[in-house]
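Undergrad: this is a predicted model, with the sequence first.
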Amino acid sequence: MSQIMKNRCVVIFEVKGTSIGTYRPTQKKFHSLQKKLEPFRILYPKAKTFRSNYRIVLKQEKVKMGTYKVPKEMFEKIKSEIEQYRSLGSPSKKIRCIETGVVFQSAREAACWTEFAREMYYCNQDLIKQCCRGKQKTSYGYHWEFVNEELDRLKAKLNEKFCL
């Protein structure tokens, strides 16, 4: 069994009720966080009156151990401390539909748009990703590509330089 499977401690960071990150620290780090955050636990009167959009949720074995309202500075400090335990991969890649020129934030968003545009019941985002990787020519009648913003900026600069 891998270390990831053994570790069932989860720390979730929320800003204004939206989760911005999930981390899986070691048990030792988890318990030290729990001790550090205890005064900010929502159950305590001090925390109930404390107004903050920043919350940290601790879970262990899928059981919620507590929710903590913390100031922004402490939120950022704790987040940077456990950055190495980030459990989610890098952010999703942007995708462009070549025919329309529309840029989507993710393959899921592109799939939702395709469902609407094609009046389909379901659109598989993995097929769009395969098209971006060059495994197939089209997906749902469209050509797709990953967006490289830095490359696009360089192309725009070169076009400006040589067109003027």
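TA: Nice, I can see it. Numbering: from 1, shown residues only.
Undergrad: which residues sit against the biggest helix by length in the chain?
TA: Longest helix in the chain by number of residues, with DSSP state H as the criterion: helix 149-163. Helix 149-163 is contacted by residues Lys94 when judged by CB atoms under 8 Å, 6 or more residues apart in numbering. All C-beta atoms are positioned from the backbone trio N, CA, C, and that covers glycine.
Undergrad: quick one: mean pLDDT for stretch 66-81?
TA: The pLDDT scores in stretch 66-81 average 88.
Undergrad: next structured bit after the helix or strand of the chain with the lowest mean pLDDT?
TA: Using mean pLDDT, DSSP states H and E, helix 3-6 stands out as the lowest-scoring helix or strand of the chain, at a mean of 49. Downstream of helix 3-6, the first helix or strand assigned by DSSP states H and E is strand 9-15.
Undergrad: listing partners with orientation, what would you give for that following strand?
TA: Next to strand 9-15 in the sheet, as set by DSSP bridges, lie strand 18-23 (antiparallel), strand 54-60 (antiparallel).
Undergrad: which residues touch the longest one?
TA: Under the contact criterion CB under 8 Å, 6+ apart, strand 54-60 has outside partners 8-15, 17, 30, 33-34, 37, 64-72, 74-75, 78.
Undergrad: what mean pLDDT would you report for that strand?
TA: Mean predicted confidence for strand 54-60 is 89.
Undergrad: ok, then the element right after that strand?
TA: Per DSSP H and E, the first helix or strand lying C-terminal to strand 54-60 is strand 63-69.
Undergrad: could you tell me the angle between that following strand and strand 9-15?
TA: Calculated by axes from the mean of the first three to the mean of the last three CA atoms, to 10 degrees, strand 63-69 forms an angle of 30 degrees with strand 9-15.
Undergrad: now do the buried residues in strand 63-69.
TA: Met65, Gly66, Thr67, Tyr68, Lys69 (16 or more other CB atoms under 10 Å).
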